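[1] Sharing a sequence plus its predicted fold:
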Amino acid sequence: MEGALKLARKATGRNGFVAFEGGYHGDTMGALSVSGIEKYRAPFEPLLHPVTVLPFGDASALGAIDDSVAAVVVEPVQGEAGVRVPPPAFLPALEKRCRQVGALLITDEVMTGFGRTGRMFAVDRWQVIPDIIVMAKALGGGYPLGALAAARGLLKVFTEHPPLSHITTFGGHPVSCAAGRAALRVILRDRLAERADQVGARFREQLSEALQGMPAVRDVRGLGLLIGIELENAEVARKFVERSRARGLLIGWTLAQDHIVRLCPPLNAPEELLNEAALTMSAALRAQG
């Protein structure tokens, strides 16, 4: 994310950024600057500025993006905010507005990338083409690996005035890169993005049925195998998590929304195991009364 923000400023010659309420992009200074979660940002202010924070999913607010903006940073589906899926028209409208004013579009696919939402990248669902994609987590197949991707012409600005404008101590670590290549081969060979789309839809449907009629459950939502269960309040969520763990199922709530349990099972998890998980969560909630 630091590299993406630097690239946007250097390529455009502009200073401003736009982010979205509920957005989470990491804990370094630049990433915190474009965070839409006040409690994580506030202790470290002043941060990068100017940053404008807009409501997520509201296409009518995108007029605030003007020609002072270097880049707009967005999660296609907000993870830490509780698996928030935007309305269908939002991301295409955001892409269009960025093109109109010459701002770069940075999509944070750290959580949503590599098949998690049922597409290789979540933006593929909306046929949106960002200028910069930030990725990590699944990229390394369990090893620490993060990257940004952009067109060669855009990345060229890092090679001059001065050369090596963005470097990292551990960049290109050979073991992590080998693990990443192996993981990518498996994702493509086994068509795990497509599997996540199909299996995830059935899993969400089973969860909705298993939790139906429970007043503590406000919503079950998501895309692919990124699923959020919104509960009545944080105390209900805490007891739900504890009772699920007591039954052998490890789940947890999100950092920013402690009343929402986020599920991110492996993309190759057997369906019978997911079915068992749904029944376990149903039993845990029913035990709360």
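    Ah, there it is. It should be emphasised that the depicted structure is a prediction, and the values quoted were computed from it without experimental measurement.
[2] how distant is stretch 40-51 from the center of its chain?
    Remark: stretch 40-51 is offset 21 Å from the chain centroid, using CA atoms, centre = their mean, to the nearest Å.
[3] now do stretch 233-252
    23 Å.
[4] Just give the closest residue to the residue most central in space within the chain, not the sequence neighbours.
    Central residue of the chain (CA atoms, centre = their mean): residue 111, 4.0 Å from the mean position. Distance criterion CB to CB, 6 or more residues apart in numbering; nearest residue to residue 111, sequence neighbours excluded, is residue 79 at 4.1 Å. The way it works is simple: take the backbone N, C-alpha and C, and place the C-beta from them, glycine included.
[5] ok now do the residue nearest to the centre of the chain, which residues does it touch?
    Residues counted as contacts of residue 111 (CB atoms under 8 Å, 6 or more residues apart in numbering) are 75, 77, 79, 137, 226, 264.
[6] Just give the number of residues close to the fourth one.
    By the measure other CB atoms under 10 Å, the count of residues near residue 137 is 18.
[7] On the three-state scheme, the nearest residue to it once chain neighbours are set aside is what?
    Setting aside the residues directly before and after it, residue 137 is nearest to residue 110 in space (CB to CB, 6+ apart), at 5.5 Å. The local conformation at residue 110, judged by DSSP: H, G, I helix; E, B strand; the rest coil, is coil.
[8] Now for residue 110, how many residues are close by?
    Quick note: residue 110 (other CB under 10 Å) scores 21 neighbours.
[9] where's it relative to residue 152, distance?
    Noted for residue 110: a distance of 22 Å to residue 152, by CB to CB, to the nearest Å.
[10] Please apply the same query to residue 82.
    Noted for residue 82: a distance of 37 Å to residue 152, by CB to CB.
[11] Out of these two, name the residue with the larger neighbour count.
    For residue 82 versus residue 152, the count of surrounding residues by other CB under 10 Å is larger for residue 82: 22 against 6.
[12] Let me know the pLDDT of the more buried one.
    Each residue has a pLDDT score; the one for residue 82 is 95.
[13] Would you map the strands across this structure?
    16-20, 51-54, 69-74, 104-108, 132-135, 147-150, 217-223, 226-231, 252-253, 260-263 (DSSP state E).
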